[in-house]
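Visitor: have a look at this fold, sequence not included:
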DNA sequence: CCAATTATTGAAACAGTTTGCATAAACAAA
DNA sequence: TTTGTTTATGCAAACTGTTTCAATAATTGG
Ligand SMILES: [Mn+2]
Ligand SMILES: [Mn+2]
Ligand SMILES: [Zn+2]
Ligand SMILES: [Zn+2]
């Protein structure tokens, strides 16, 4: 019984071994300290394959340890970004989201302004053309951010149905004031 | 003398005739009213060919009429955007900039993270590829936002000089954490 | 001119994020 | 271990850009 628990916890700790090593290394290299809350936040982040706001992550972490504060989550997400484990993503609603960076290919996003769905895509051709453009202006690009806003397939379908039946009633509109 | 003044003021009012008509039309169509502050804000906006934050514009307007409030500038910029005269631009520092939209071609931006310089560019190929990408995902694009962050030619030059001479001292770094 | 409607204003509210500070936890030296 | 030094934490308060509120002012149409 105890053995099983140990086994479970063991597997839990095994799971993202590489990422955790990277984090530890970054922690040490920066003269910081390993703490329970940092470990937990990293753990929860790693097993959530999604675009998470600091608050999203905060609530997930809360469920497992109600003593972790918002500020710590903010601070830890910054650390994870520095360590190369997380990447900041702006989807256009004013908050900052984070996604996995380690072992994840670069990509850009399409965002549905009706339902908020996020589609990830990558185009080597676009990337190439961006570099060409930069070169033309003697500009040395470090990174970029490409967002395509519009209506996802699902929402297009619903739109069609609704416009036929009742007097077109728009659904929950996602706030995309844009950032 | 008076004639001259009238002439000057006349030319001033002639200057952006088309834009002003569009604005008036929008005002009327929306059941709003033409006011001195709206006229002034539009005027100042139109003669400033730049990426202006609401606050930037506020200060410019202040110089000509100290009785215009920030709030009015915010609201008027929103009106201008609705009317198709202005376009919102996020350069990545958390604030919203506005640029001329009427009679101005669509373009995207390169932003120097050293000095903040903004380079406008347009690539029909990139636009085309974006549409193809969207189509592939059955996504109906309405607009997009492409930013290339990096170092402008001028800053690259300075970097080179400095790294040769003194112990590389970075210049004013523009805050581009955000958005 | 009056009454009703609508706009403007500065101040206060707001959201997301950051900072200051007192306390707690890490960790290395003894 | 115990101790001492340094860092992390969580809370509250500060901050930034923007929006809302409530009172005042301006405009309109009778
Ligand atoms: Mn993503
Ligand atoms: Mn521009
Ligand atoms: Zn959708
Ligand atoms: Zn530069």
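Guide: In hand now; what should we look at? Not measured: the values here are computed from a predicted model. Ligands and ions are numbered 1, 2, ... in the order given.
Visitor: tell me the centre residue of chain A?
Guide: residue A:99 (2.2 Å; C-alpha atoms, centre = their mean).
Visitor: ok, the spatially closest residue to residue A:139 that is not a sequence neighbour - contacts?
Guide: Among residues not flanking residue A:139 along the chain, residue B:110 sits closest, at 5.0 Å (C-beta to C-beta, 6 or more residues apart in numbering or on different chains). Any C-beta I mention is one placed from the backbone N, CA and C, and that applies to glycine too. By C-beta atoms under 8 Å, 6 or more residues apart in numbering or on different chains, the residues touching residue B:110 are A:133-134, A:137, A:139, A:141, B:118-119, B:121, B:147-150, B:152.
Visitor: at 6 Å what do you get?
Guide: By C-beta atoms under 6 Å, 6 or more residues apart in numbering or on different chains, the contact set of residue B:110 is A:139, B:119, B:148.
Visitor: and the second one, what are its bridge partners?
Guide: Meaning residue B:119. Beta bridges link residue B:119 to residue B:110, judged by DSSP bridges.
Visitor: just checking, it touches residue A:137?
Guide: Yes: contact criterion C-beta atoms under 6 Å: residue B:119 and residue A:137 qualify, at 5.3 Å.
Visitor: my guess is the residue nearest to the centre of chain A contacts residue A:51, does it?
Guide: Yes: using C-beta under 6 Å, residue A:99 is in contact with residue A:51, at 5.2 Å.
Visitor: give me the common contacts of the two.
Guide: Taking C-beta under 6 Å, 6+ apart as the criterion, residue A:99 and residue A:51 both touch residue A:89.
Visitor: mind checking how far the lengthiest strand in chain A is from the chain centre?
Guide: Determined from DSSP state E, the single longest strand within chain A is strand A:140-151. Offset of strand A:140-151 from its chain centre (C-alpha atoms, centre = their mean, to the nearest Å): 15 Å.
Visitor: likewise stretch A:86-99?
Guide: 6 Å.
Visitor: swap in stretch A:35-54?
Guide: Centroid displacement of stretch A:35-54 relative to its chain, using C-alpha atoms, centre = their mean, is 11 Å.
Visitor: again with stretch A:69-88
Guide: Relative to its parent chain, stretch A:69-88 has a centroid offset of 11 Å by C-alpha atoms, centre = their mean.
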